[in-house]
Each structure stands twice: as C-alpha cells, then as structure tokens.
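Trainee: got a structure for you, letters missing:
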C-alpha cells in the first residue's frame, strides 16, 4: 500500500484526547497504571534475558485482557481516586472500604457546585477501582457494608432510566451520506457510515478492521469481500463472531460497494482498512483512525443533513452518537428478531430489544389473552 505519512493531520483527522477531571496525581501511581509494573518476577527468582522477555510479553497480554478504552477509563478512575484520597489526607493503598464509601458519596452528592455523577458512572468507577486494586495485589470487597450499603442507597435515591441515543433510520442514513463529498475522505466516511449501519457495528469494531487476518498487532478483525457481500470477522466484547454484510439494492446505498470503492482508490491492500487522510482529503496515510472519528462523523453529518431540525443544534448533537448506528439497524430491520440479535452479537434477545427504538410493543396483548 503506497501511502505517504504526514506528521500533522488536519483538525478533522486528529483524535481528541479525553481529559480527566483530576490532574496532578502522584507520579508513582500514574507510572504503575501506565507501565503495568504489577506483572513481575517473584522476588526469589533472579532475572535473566529470557525471563525478562517473558515478563514484558506477559505485561502485553495483561494489558490486552481488557479493551483499550476500558484501560484508559480504569486508569483515569485510579488517578481521580488517588488524588481525592490525598486531598483528604490519606492514601489509596491499601484499600479502605470506609474511605471508598465516602468517595462514592462525594461523587453522588458533591459540594461547591460540582455536578454529581450518574449512577452508572459511579458504578463504573467502582469497577475501575476493583480492577486497579487487583492489579496491585489487593482485593476490594464490594460487598463490604461501607461500600454495598452506600452504593445501594445511591442507586435507590438517584437511579434514572438509561438515556438512550436516537436510532439512525433508513431515511436518515441516506440523507447523511448524501452530505459527503466524493474525494478520498468522503469515500472513506461513506463506507464507515454504511458499513456501520448495515452491520450494526460498534465504532471500535469499525476502525479496528484490517484488510487481512493478522495484518497488524492491534487488529480487531478483518474483511473478506465475496460476490454476494462482505464477511467481517470481529474480535468483539463477546468474543469472535462473523458479521455478514449483504450487497444493497443500489450502488449508491450499498455498504459493500462503498467499502470496495474506498479500498480501491485508497490502495488498501494491507493493514488497517480505515486510515487517516491528508489535509486535502486526497491521500490515504498510514495511521489507523481513532474510534472517536466515527462519533464525530455521525454528529457532523446529522447536522449537515438537517435530521431532527426542529431541535436545537445542542440537542441534536446530544441525541446521536456512535451507538445510533447499532440502534438504527435494530430498529429498522424488518426481519426475525433472532437475526438482528446475531448480527449485533447480543447474548440475549432482551439486550437486542433495548436497541429497538420503534418496535411494536403491543403486538402480543396479554391482557386480552388473559380474558379481559
């Protein structure tokens, strides 16, 4: 693949870093979280070149045990908690259920105008702390009364139904791709939207695709294009699965054709399928796209296409995200629910129903069936 790297991609192509609210954390804790120094030789074993190599490889495997975004979130959770502890005059190690209970309380009911976190975010942060303690050789007992009772009270008092992102419907996705130009960047973004919609893919699954199996160490799957469509082999949250993307009714709306066009003109014959482009949008570079590009692309094309124009721009931006593609497939595909469940990779039909924004809720009327 002949591509010329560029050191300074345009603003549209850059990956925006997520800044944690807590900064200035202690250097040792930051290094431990980043380096994975918790994987090491036993103290009674002398190091050697071969053993040191195995330790480095084991650290890489340990890091790969959770998704990259999860690793980033857990690292941020630890930094935030460690800083909070030091502001309160204590240390994060060893784990103290009493202090963790107070930490959760402060997240749910902060003072001085600091916004409270949602229950789901607090629960996630507690999971992040448990994971971080485990990496450091400690066990956090989430059932301890100082933690469990406080968290149960927070959930009882503050829990709300989950805020669901809006589904992108068939007419929406057509309007969105119509806003894209026909330069190289436009071909790429058109393929991303159509493939993500037809496959019900997560944004991380889209950008982690490679041209072939084992092309890159950070691959999350690969593409095989056949006469009738494309088969994506994905290493997803629930394990390996195949996603079939059939050809569309016309070339203008066909995700497989869009993928072929992008790969042909970008000369993608090895490595990441979706890469950055040059400033002018005419050359494909080497760097894999960040998954945040998918979310930004969806929001930008939603605004340009005029979808839900009765709402303000801020409301429209908040309404759509990367998950809108998955919700769109689940809500729009007029097929047996089990096929949608398989395409999305859900373990249960109930999870698939959570993605269906306009399903027929009263198709089966149990009230009448019960004789009323």
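Mentor: Looks like it arrived, so ask away. Quick caveat: nothing in here was measured; it's all calculated off a predicted structure. Residues are numbered from 1 along each chain as shown.
Trainee: Contacts only, for residue 224.
Mentor: 230-233 (Cβ atoms under 8 Å, 6 or more residues apart in numbering). Any C-beta I mention is one placed from the backbone N, CA and C, and that applies to glycine too.
Trainee: Return the set of residues that bridge with it.
Mentor: residue 231 (DSSP bridges).
Trainee: and the closest residue to residue 272 other than its chain neighbours, what pLDDT?
Mentor: Spatial nearest neighbour of residue 272, chain neighbours left out: residue 288 (3.9 Å); criterion: Cβ to Cβ, 6 or more residues apart in numbering. pLDDT for residue 288: 96.
Trainee: Next up, phi/psi of residue 288, please.
Mentor: The phi and psi values for residue 288, taken as degrees, to the nearest 10, are phi -70, psi 140.
Trainee: Thought residue 220 was touching it, still the case?
Mentor: No. Using Cβ atoms under 8 Å, residue 288 makes no contact with residue 220, being 10.1 Å away.
Trainee: ok so, going back, burial measure for the residue nearest to residue 272, as a count.
Mentor: Residues near residue 288, counting by other Cβ atoms under 10 Å, number 20.
Trainee: try residue 118
Mentor: By the criterion of other Cβ under 10 Å, residue 118 has 16 neighbours.
Trainee: In terms of secondary structure, what does the top helix by length along the chain contact?
Mentor: Longest helix in the chain, counting residues (DSSP state H): helix 68-87. Applying 3 or more Cβ pairs under 8 Å, 6 or more residues apart in numbering; DSSP states H and E, one finds that helix 68-87 contacts helix 27-35, helix 97-108, helix 119-135.
Trainee: Point out the one among those that comes closest to residue 190.
Mentor: Distance to residue 190, taken as Cβ to Cβ, is lowest for helix 119-135 among those, at 33.3 Å.
Trainee: Give me the contact list for the helix or strand following that closest one.
Mentor: Using DSSP states H and E, the helix or strand that follows helix 119-135 towards the C-terminus is helix 145-158. Here helix 145-158 makes contact (Cβ under 8 Å, 6+ apart) with 97-98, 100-101, 104-105, 108, 116, 118-119, 122-123, 126, 140-142.
Trainee: go again using 6 Å as the cut-off
Mentor: 97-98, 100-101, 104-105, 108, 119 (Cβ atoms under 6 Å, 6 or more residues apart in numbering).
Trainee: any idea how far the residue nearest in space to the middle of the chain is from residue 252?
Mentor: The C-alpha lying nearest the average C-alpha coordinate of the chain belongs to residue 204 (Cα atoms, centre = their mean; 5.2 Å). Counting by Cβ to Cβ, to the nearest Å, the separation of residue 204 from residue 252 is 27 Å.
Trainee: picking up where we left off before, can you pull up the bridge partners for the residue nearest to residue 272?
Mentor: residue 275.
Trainee: I figured it hits residue 273, correct?
Mentor: No. Look at residue 288 against residue 273 with Cβ atoms under 6 Å: they stay out of range, at 8.7 Å.
Trainee: For stretch 168-181, which residues meet the burial criterion?
Mentor: Residues of stretch 168-181 classed as buried: 168-169, 172-173, 175-177, 179-180 (neighbour count, 16 or more other Cβ atoms under 10 Å).
Trainee: among those residues, which are in helices?
Mentor: 172-173, 175-177.
Trainee: wait, residue 257 sits on residue 250?
Mentor: No. Residue 257 lies out of contact with residue 250 (Cβ under 6 Å); the separation is 8.7 Å.
Trainee: ok, those two, which is more surrounded?
Mentor: Neighbour count, other Cβ under 10 Å: between residue 257 and residue 250, residue 257 has more, with 18 against 8.
Trainee: Which secondary structure element is home to that one?
Mentor: Assigned by DSSP H and E, residue 257 belongs to helix 255-265.
Trainee: Quick one: distance of that helix to the chain centre.
Mentor: Centre-to-centre, helix 255-265 and its host chain are 24 Å apart (Cα atoms, centre = their mean, to the nearest Å).
Trainee: Name the residues that touch it?
Mentor: Counting by Cβ under 6 Å, 6+ apart, 187-188, 190-191, 194-195, 198, 229-230, 245, 247, 251 sit against helix 255-265.
Trainee: Mark which of those are buried, thanks.
Mentor: Here, 16+ other Cβ under 10 Å leaves 187-188, 190-191, 194-195, 198, 229-230, 245, 247 buried among the contacts of helix 255-265.
Trainee: so of the residues you listed, which ones are in helices?
Mentor: Secondary structure assignment by DSSP H places 187-188, 190-191, 194-195, 198 of those in helices.
Trainee: Output those in JSON lines, with pLDDT and distance to residue 224 appended to each entry.
Mentor: Supplementary listing: those in JSON lines, determined by pLDDT from 0 to 100; distance: Cβ to Cβ, whole Å:
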{"residue": "187", "pLDDT": "96", "distance to residue 224": "20"}
{"residue": "188", "pLDDT": "97", "distance to residue 224": "19"}
{"residue": "190", "pLDDT": "97", "distance to residue 224": "20"}
{"residue": "191", "pLDDT": "97", "distance to residue 224": "16"}
{"residue": "194", "pLDDT": "95", "distance to residue 224": "17"}
{"residue": "195", "pLDDT": "95", "distance to residue 224": "13"}
{"residue": "198", "pLDDT": "88", "distance to residue 224": "15"}
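Trainee: Columns distance to residue 149 on top of those residues, output as CSV?
Mentor: Listed next are these as CSV, based on distance: Cβ to Cβ, whole Å:
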residue, distance to residue 149
187, 56
188, 51
190, 52
191, 51
194, 49
195, 47
198, 47
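Trainee: ok, those residues vs residue 131, which is closest?
Mentor: So of those, ranked by how close each gets to residue 131 (Cβ to Cβ), first place is residue 195, at 32.1 Å.
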